[in-house]
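>>> 3D model of this:
(one chain, ligands or ions: 1)
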Amino acid sequence: MAGFVSLVGAGPGDPDLLTRKAARRLREADLVLYDALVSPEVLELAGGARRFCVGKRAGRRESVSQLTIHRLMIRAARSGERVVRLKCGDPFVLGRGGEEALALNAAGVTYEVVPGITTAIAAPELEGIPVTHRGLASAFAVVSGHAESAYGPILESLAPNCITLVVLMGIASKANIAAQLLERGWRAETPAAMIFAAGTPRALSWVGSLSELAAAPAQGISDAGTIVIGDVVSLKSAAAQSEREKSTAVRVSR
Ligand SMILES: C[S@@+](CC[C@H](N)C(=O)[O-])C[C@H]1O[C@@H](n2cnc3c(N)ncnc32)[C@H](O)[C@@H]1O
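All right, here's what the predicted structure looks like:
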């Protein structure tokens, strides 16, 4: 039987937030190549598969090159295996899923894409922050904070305080991002949040203002974090549903 590859979005971390198709593909997989941010709880669903981490984390050396990932997927599919390439969030949002689809297509390998819930929306949402809200924000932008060459021109192009800004891979660059926005004329008191490990038992968040973002505590937190900047962040306490939210008044909350 011909093998095939499923490029699967794992969502933010909670297995209950996987699509049914993603869960089925994991249960049926022979081989799972997963990124470092995929939660162990999601991986457990692929108990019958060989599982290899091929991902990298910010600041660490890339463990497996992108080309090697392409080769591993292609070779396994050609030998008849059901391969799941598992990525956090959605595979086509800042996740190089598009490159992998192109490589599979060029190799003539059958593949599919299984969308996942992107953390760009789910991380704020799980903390009670809607990325849009009537009267506060009619749009949101998702930007990579990985390199200034990527986010700089985008921040430059935005009118101050006109939308919600969501930054992925931006914790290490938060001081620079905040400085650029303030320089562009964003209000210093614009609400801002950092959300770490959303959708996992380790979820942790900080809420403050744009002028406080640079000095906000993030050192020592090994989990991935998403930054949200905009007036919608002020809805966090009002919209949050969980007992955890109700019972805490501290600015860094777990
Ligand atoms: C390489 S990007 C991949 C984004 C992913 N494809 C998506 O749609 O969410 C990785 C970034 O996603 C964010 N991220 C991933 N998982 C997260 C989580 N559980 N909580 C908060 N942010 C997360 C962080 O900003 C992290 O640096």
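>>> list the contacts of the nearest residue to residue 23 once chain neighbours are set aside.
Spatially, and ignoring its direct neighbours in sequence, residue 23 is nearest to residue 45 (5.8 Å; Cβ to Cβ, 6 or more residues apart in numbering). Quick note: C-beta positions are derived from backbone N, CA and C, even for glycine. Neighbouring residues of residue 45 by Cβ atoms under 8 Å, 6 or more residues apart in numbering: 15, 18, 23, 26-27.
>>> model confidence for residue 45, exactly?
Looking at residue 45, its pLDDT reads 97.
>>> next one: it relative to residue 16, how far apart?
Using Cβ to Cβ, to the nearest Å, residue 45 is found at 11 Å from residue 16.
>>> and for residue 108?
Residue 108 is 36 Å from residue 16, by Cβ to Cβ.
>>> surely residue 116 touches residue 85?
No: assessed by Cβ atoms under 8 Å, residue 116 is found out of contact with residue 85, at 11.8 Å.
>>> so what sits against both of these two?
Common neighbours of residue 116 and residue 85, counting by Cβ under 8 Å, 6+ apart, are 8, 91.
>>> circling back: between the contacts of residue 45, which has the most around it?
residue 26 (27 neighbours; other Cβ atoms under 10 Å).
>>> closest to residue 143 out of the contacts of residue 45?
Distance to residue 143 across the contacts of residue 45 (Cβ to Cβ) is lowest for residue 18, with 25.7 Å.
>>> how near is the closest residue in space to that closest one that isn't next to it in sequence to the ligand?
The shortest distance from residue 18 to any non-neighbouring residue, by Cβ to Cβ, 6+ apart, is to residue 11 (5.6 Å). Remark: distance between residue 11 and the ligand (Cβ to the nearest ligand atom, to the nearest Å) = 8 Å.
>>> which residues does residue 11 contact?
For residue 11, the contacting residues are 17-18, 22, 42, 88-89, 116-117, 119, 122, 199, by Cβ under 8 Å, 6+ apart.
>>> so what's it bridging to?
For residue 11, the beta-bridge partners under DSSP bridges are residue 89.
>>> so how far is residue 85 from it?
Separation of residue 11 from residue 85 (Cβ to Cβ): 15 Å.
>>> so does the helix or strand where residue 24 lies get close to the ligand?
According to DSSP states H and E, residue 24 maps onto helix 20-28. No: applying Cβ under 6 Å from any ligand atom, one finds helix 20-28 separated from the ligand by no less than 13.1 Å.
>>> past that helix, which element shows up next along the chain?
Going down the chain from helix 20-28, the next helix or strand is strand 31-34, by DSSP H and E.
>>> and that following strand, is it in reach of the ligand?
No: Strand 31-34 lies apart from the ligand when judged by Cβ under 6 Å from any ligand atom; the minimum separation is 12.5 Å.
>>> where does the stretch 101-250 of the chain have low pLDDT?
237-250 (pLDDT under 70).
>>> show me the helices in the stretch 51-200 of the chain, by range?
For the stretch 51-200 of the chain, applying DSSP state H, counting those that start in this stretch gives helices covering 66-78, 97-107, 119-126, 148-157, 174-184.
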